[in-house]
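**Q** coordinates for the following, if possible.
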Amino acid sequence: MSNQTTQTAVQLIMRFSKAFDVKLEQESKIPLSQVQFIALEYIHNNGSIPMKALAEHLSITPASTSTMVKKLEAMGYITRTPDEYDGRVSRLSLCQEGIEIYKACYIEAGQIVEFFLNRLEEDEREQLVNILQKMLQSED
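**A** The predicted structure is shown next:
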């Protein structure tokens, strides 16, 4: 791939990310950052998880994870409990309110994605999804 293609791809990905963030900020009624939403999604999809696993998934420091977890706990979205086998380990789970806010966020994010996808023809949407899946295969 040429250097120019890489530079253009970087610029377009960054522009899309910014456009998505702006649209989300303008339209969202939910008081969560994108990282907090990703954290709730990870906990939702994986059940009770060690805090260390969340830090690794988000690629942030344990201290930053702890700060975010405290905020999410204060909002009533997650609970932190000691691991039954190792009391030094905190396990994170979603509360009922956390499940509800996660679902609401997911709906809002879907609406914003639809806003952008509606600019494409159906076959282009399918191509985009296939390309994104291919690009992210190693991330799964």
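**Q** buried ones in stretch 73-80?
**A** Neighbour-count burial for stretch 73-80 flags 77-79 (criterion: 16 or more other C-beta atoms under 10 Å). In short, each C-beta sits where N, CA and C put it, glycine included.
**Q** can you give me how far that stretch is from the chain middle?
**A** On the basis of C-alpha atoms, centre = their mean, to the nearest Å, the separation between the geometric centre of stretch 73-80 and that of its chain is 17 Å.
**Q** just the terminal-to-terminal distance for it.
**A** Distance between the two ends of stretch 73-80: 8 Å, counting by C-alpha to C-alpha, to the nearest Å.
**Q** torsion angles phi and psi at Arg88?
**A** For Arg88, the backbone dihedrals (degrees, to the nearest 10) come out as phi -80, psi -20.
**Q** what residues are up against it?
**A** Residues near Arg88 by C-beta atoms under 8 Å, 6 or more residues apart in numbering: Pro82.
**Q** show me the buried residues of stretch 73-80 that map onto strands.
**A** Per DSSP state E, strands hold the following members of the buried residues of stretch 73-80: 78-79.
**Q** so what's the most centrally placed residue in the chain up against?
**A** Nearest to the geometric centre of the chain sits Ile38, at 2.4 Å (C-alpha atoms, centre = their mean). Neighbour list for Ile38: 57-58 [criterion: C-beta under 8 Å, 6+ apart].
**Q** what's the following helix or strand after the host helix or strand of it?
**A** With elements taken from DSSP states H and E, the one containing Ile38 is helix 34-46. Counting by DSSP H and E, the next helix or strand C-terminal to helix 34-46 is strand 49-50.
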